[in-house]
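Peer 1: Quick one, what's the 3D model for this:
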Amino acid sequence: MKKRVEMERIGEKMEDEQFALQLERVPHKEPKNAKEAVENLKLLSPSVRLEQGFEMLKDPNQSPTAFGTFQSVELEDPTNVRAIYGKILAMEQGVQIFLRQFPEEAGDLVDAHPAIQNLKKDVNRLIQLEPNNKEWFRLRSDLKRKYFKDPKGGIDDLEHIIKTDPNDFQTILALVEIKAHEGDLDSAFANIERAIQAAPADKKLQVMCTKPHLMMAMGDFEGANKEVDKILQKEPNTKMANALKASISVNLAGEDKGLLYETIQYVNREIDNLSENDPDLAFCYKTRADIYYKLQNWDDCEKDLESAIKSAGERVTQEYYGALGMVRFHKKEYEKAVGDFSKAISFTSLLDDKLSHNYRMQRARCSYLIKHWEGVDSDLTILLQAGVNDPDIYRLRSQSLVQSHHYDEAMEDAETYVRLERGSARSRVNRADIMGDMGMPDVAEEDFMTALAMDEQEVLRSEPNVYFLLATYKKDKNLNDEAMEFLKKHEERHKNEILSPHFHAFRSRLYLLKGMTKEAVADCKKALLQEVNPDFLSQMAKALGEDGQFEESLVYFDKAMKLDKQGKMRKFVMEERQKVIEKYAASE
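Peer 2: Numbers count the residues shown, from 1 in each chain. Got it, this is the predicted structure:
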C-alpha cells in the first residue's frame with residue numbers, strides 16, 4: 001500500500017480535511033498498472049492530483065502514472081500550466097528511461113518522433129499561456145538543445161530572456177554554456193564579462209570564477225591560474241576560487257608526485273573549511289580524486305568520487321560518473337564501470353555530444369572484457385551512426401563480432417580498419433587475429449609476418465603473443481624447427497614474466513616431436529604447477545611414456561580420466577594409454 005501511505009503522509013502534512021475526506025474514496029488496494037492508478041487518483045481534486053504527480057516524479061519509474069495524473073488535470077482545465085509543466089517533466093523522464101534501455105534508438109529521436117512533437121507542443125503552449133514567464137523560455141531552450149537538435153533556437157530563447165531582463169546573470173551563464181559547447185569561445189568569454197556586469201555585488205566573484213573554469217576546460221591552465229589569482233587578490237576567501245586553484249595545481253603539477261602530495265594537503269584544508277551542504281564541497285572532492293587518479297591510488301580516488309557524487313546531489317554532472325567508471329575500469333571492476341558509464345551517458349540524448357561518445361567507447365571496452373558482445377556492438381554501432389570518425393571503433397567491433405560468431409561482419413570491419421589505418425602494422429595484426437579465430441591460419445600468418453616486417457615493436461604492443469601464435473601455425477605445417485625458433489623469440493620477449501602454462505604444454509609437444517623427452521617432461525611439470533586440467537595431465541602422461549617412465553605415465557593417464565568429467569578426452573586418453581601399456585610390456 002505504498003501509494004496510500006504516501007498519500008496519507010501528504011494529507012497529514014497539508015492538514016487538509018477536505019483532502020482526508022476525498023482520500024476515503026480511494027479504493028484500498030494496490031493498482032495493477034499506471035492506468036488503474038490514474039483512475040484512482042481522478043477521485044481526488046485537481047490540486048491534490050498535481051501534488052501527487054510531482055511527488056511521483058521523484059521516482060522515475062512512476063513517470064507513466066505521473067504523466068497520466070497531470071494529463072487528467074489538463075483535460076479538465078486545458079489552461080492549467082502546472083499540469084502542462086508536469087506532463088513535460090514526466091515525458092522527459094520517460095524518454096530518458098527509454099534511451100537507457102534502448103540506446104540504439106537514440107538516432108530516431110528527431111523532430112518527427114511523437115515524444116518530441118508532444119514536448120514541443122506542450123512547451124509552446126506554456127509560452128502562449130504565460131508569455132512573460134521566463135522559466136518557460138529557459139525550459140524550451142533546454143529542450144531544444146537536448147532533444148530538438150536546435151542549439152540556435154535554444155540561444156534565441158535565452159537571448160529573449162536577457163533582452164527582457166538584462167540583469168538575469170544566471171541566464172547569461174546558461175548562454176555561456178551553450179556557446180562554449182558549440183565552440184564559439186569568443187562569444188562565450190564575452191558573455192562571461194556580460195554576466196559579471198549583470199550580477200549583484202554579492203555574486204560577482206562567484207560569476208568571475210566561470211572564466212577560469214572555461215579556460216580549464218580548454219586546457220589553458222596557465223591562463224586559468226592567472227584569472228584565479230586576480231579573484232583571490234580581491235577576496236582571498238572566495239571558496240570556489242580556492243577550489244579552482246587546487247584543481248589547476250593538479251594539472252600544472254603534471255606527474256610530479258611531490259607537488260601532487262602538496263596539492264592534496266591544500267585540498268584537505270579546503271574540505272575541512274567547508275560544511276556538508278556547501279556547493280563547493282563536491283568540486284573539492286572531485287579535485288582530490290583527480291590527484292589520486294594521477295597517483296594511481298584507485299581506492300581513495302573511488303571513495304572521493306563517491307563522496308563528490310553524494311555531495312553534488314542534483315547538481316552532479318556526467319563527468320563525475322565518467323571518472324568513476326574509469327577508476328573501476330583500472331580496478332578491473334568492469335561490470336560496475338559499465339553502470340557508471342551508463343549513468344554518464346544518460347545525462348544527454350544528443351548523438352553529437354563528444355563527452356558521451358568517449359563514455360560510450362569506454363563502456364564498449366568494458367562490455368568486451370565481460371564478454372557482453374551485444375553491448376559492444378550496440379555502443380559502437382551508435383557511435384558510427386553519430387558520425388564518430390575513430391578507426392578504433394572498427395577494430396573493437398570486429399573483435400567482438402568474431403567472438404559472437406558473426407564472421408562475415410567481423411571480416412568486413414577488419415578490412416575497413418586496415419583501409420582507414422592505411423595498412424598499418426596494428427591494423428594487420430587485428431586482421432590476423434580475426435583470421436586466426438576464423439580458422440584461416442595461412443592468411444593470419446601472412447598478415448603477422450607482413451606486420452612484423454613493417455614495425456616489430458608496434459606488433460608486439462598490439463599482440464604480445466604474436467611469436468607464440470606464429471609457432472602454432474608453423475607446427476600445424478610440421479615446420480617444427482621454425483616453430484621452435486618462434487618459441488625462443490616469445491620466451492626472450494617475456495623473459496621477465498612468468499610464461500603461461502599453455503606455452504609450456506605446447507613446447508612440450510614440440511620437444512616430443514623432436515625426440516627431446518626429458519625437456520618435454522620438464523615443460524609439462526611447469527604447466528601443471530600453474531594449472532591442472534585433463535589436457536595437461538594427458539600431455540604429461542604421454543611425455544613420461546616417451547621417456548620410459550611407464551608406471552608414472554599410467555598414473556597420470558588415470559588422473560586425466562578422473563578429471564575429465566564430461567569424457568571429452570576419453571577416447572584419446574585410452575588410445576595413448578594403450579600405447580604406453582604396449583611399450584611397457586615390450587620393455588620387459
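Peer 1: Export stretch 190-197 to CSV, keeping only CA atoms.
Peer 2: Extracted in CSV, the C-alpha atoms of stretch 190-197 (Å, rounded to 0.1, in the frame of the first residue of the first chain):
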residue,chain,number,x,y,z
ALA,A,190,32.2,38.0,-24.0
ASN,A,191,29.1,36.7,-22.3
ILE,A,192,31.0,35.9,-19.1
GLU,A,193,32.0,39.6,-18.9
ARG,A,194,28.4,40.4,-19.6
ALA,A,195,27.3,38.2,-16.7
ILE,A,196,29.9,39.7,-14.3
GLN,A,197,28.5,43.2,-15.1
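Peer 1: Just give me how far that stretch sits from the chain centre.
Peer 2: Distance, stretch centre to chain centre, for stretch 190-197: 35 Å (Cα atoms, centre = their mean, to the nearest Å).
Peer 1: what's the answer for stretch 544-559, then?
Peer 2: 51 Å.
Peer 1: Please enumerate the strands of this structure.
Peer 2: For the chain, applying DSSP state E gives no strands.
Peer 1: got a list of what residue 486 touches?
Peer 2: Shown in contact with residue 486 (Cβ atoms under 8 Å, 6 or more residues apart in numbering): 467-468, 470-471, 474. Any C-beta I mention is one placed from the backbone N, CA and C, and that applies to glycine too.
Peer 1: redo that, cut-off 10 Å
Peer 2: Taking Cβ atoms under 10 Å, 6 or more residues apart in numbering as the criterion, residue 486 is in contact with 466-475, 479.
Peer 1: Not counting residues beside it along the chain, what's closest to the residue nearest the centre of the chain?
Peer 2: Of all residues in the chain, the one closest to the mean position by Cα atoms, centre = their mean is residue 341, 2.7 Å from it. Distance criterion Cβ to Cβ, 6 or more residues apart in numbering; nearest residue to residue 341, sequence neighbours excluded, is residue 363 at 3.8 Å.
Peer 1: The one you found contacts residue 344, correct?
Peer 2: Yes - counting by Cβ atoms under 10 Å, residue 363 does reach residue 344; the two are 8.6 Å apart.
Peer 1: got any residues that touch both of these two?
Peer 2: Common contact partners of residue 363 and residue 344 (Cβ under 10 Å, 6+ apart): 322, 325.
Peer 1: For residue 395, give its distance to residue 430.
Peer 2: 5 Å (Cβ to Cβ, to the nearest Å).
Peer 1: Need the overlap of contacts for those two.
Peer 2: Taking Cβ under 10 Å, 6+ apart as the contact rule, residue 395 and residue 430 both touch 413-414, 417-418, 421, 462.
Peer 1: Determine which two of these are furthest apart.
Peer 2: 413 and 462 (16.1 Å; Cβ to Cβ).
Peer 1: Report the contact partners of residue 300.
Peer 2: Per Cβ under 10 Å, 6+ apart, neighbours of residue 300: 264, 288-289, 291-293, 327.
Peer 1: rerun that using 6 Å as the cut-off
Peer 2: residue 292 (Cβ atoms under 6 Å, 6 or more residues apart in numbering).
Peer 1: I'd like to know how far it sits from residue 500.
Peer 2: Distance of residue 300 to residue 500, given as Cβ to Cβ: 33 Å.
Peer 1: just residue 177 next, same as before
Peer 2: From residue 177 across to residue 500, the span is 51 Å (Cβ to Cβ).
Peer 1: swap in residue 585?
Peer 2: Taking Cβ to Cβ, one finds residue 585 at 37 Å from residue 500.
Peer 1: Equivalent analysis for residue 512, please.
Peer 2: Distance from residue 512 to residue 500, by Cβ to Cβ: 19 Å.
Peer 1: can you check residue 198 too?
Peer 2: Counting by Cβ to Cβ, the separation of residue 198 from residue 500 is 66 Å.
Peer 1: Residue 413 and residue 462: which is more packed in?
Peer 2: residue 413 (26 against 20; other Cβ atoms under 10 Å).
Peer 1: The closest residue to the more buried one other than its chain neighbours: what's it in contact with?
Peer 2: Nearest non-adjacent residue to residue 413, counting by Cβ to Cβ, 6+ apart: residue 398, 3.6 Å away. Residue 398 makes contacts with 410, 413-414, 434, as judged by Cβ under 6 Å, 6+ apart.
Peer 1: Widest-spaced pair of the residues you listed?
Peer 2: Greatest spatial distance in the contacts of residue 398: 413 and 434, 8.4 Å, computed using Cβ to Cβ.
Peer 1: okay, now residue 131: neighbour count?
Peer 2: Neighbour count for residue 131, taken as other Cβ under 10 Å: 9.
Peer 1: what do you get for residue 457?
Peer 2: Per other Cβ under 10 Å, the neighbour tally for residue 457 reads 9.
Peer 1: and the gap between it and residue 483?
Peer 2: From residue 457 over to residue 483 (counting by Cβ to Cβ), the distance is 23 Å.
Peer 1: Residue 508 too?
Peer 2: 13 Å.
Peer 1: what do you get for residue 145?
Peer 2: For residue 145, the distance to residue 483 - Cβ to Cβ - is 60 Å.
Peer 1: Residue 208 too?
Peer 2: Distance of residue 208 to residue 483, computed by Cβ to Cβ: 69 Å.
Peer 1: so residue 93 touches residue 60, yeah?
Peer 2: Yes - shown here, residue 93 and residue 60 form a contact pair, counting by Cβ atoms under 6 Å, at 4.9 Å.
Peer 1: Just the ones in helices from the shared contacts of residue 395 and residue 430, please.
Peer 2: Counting by DSSP state H, the shared contacts of residue 395 and residue 430 place 413-414, 417-418, 462 in helices.
Peer 1: Save those as CSV, and put in pLDDT and distance to residue 379 too.
Peer 2: Compiled in CSV, these are given as follows (pLDDT from 0 to 100; distance: Cβ to Cβ, whole Å):
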residue, pLDDT, distance to residue 379
413, 95, 14
414, 95, 18
417, 95, 17
418, 94, 22
462, 91, 22
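Peer 1: wait, which of these is closest to residue 558?
Peer 2: Distances from residue 558 to these, taken by Cβ to Cβ, are shortest for residue 462, at 42.9 Å.
Peer 1: Was I right to think the closest one contacts residue 427?
Peer 2: No - using Cβ under 6 Å, residue 462 is not in contact with residue 427; the gap is 9.1 Å.
Peer 1: With adjacent residues omitted, what lies nearest to residue 509?
Peer 2: Spatial nearest neighbour of residue 509, excluding adjacent residues (Cβ to Cβ, 6+ apart): residue 539 at 6.8 Å.
Peer 1: Local confidence estimate at the one you found?
Peer 2: Per-residue pLDDT puts residue 539 at 95.
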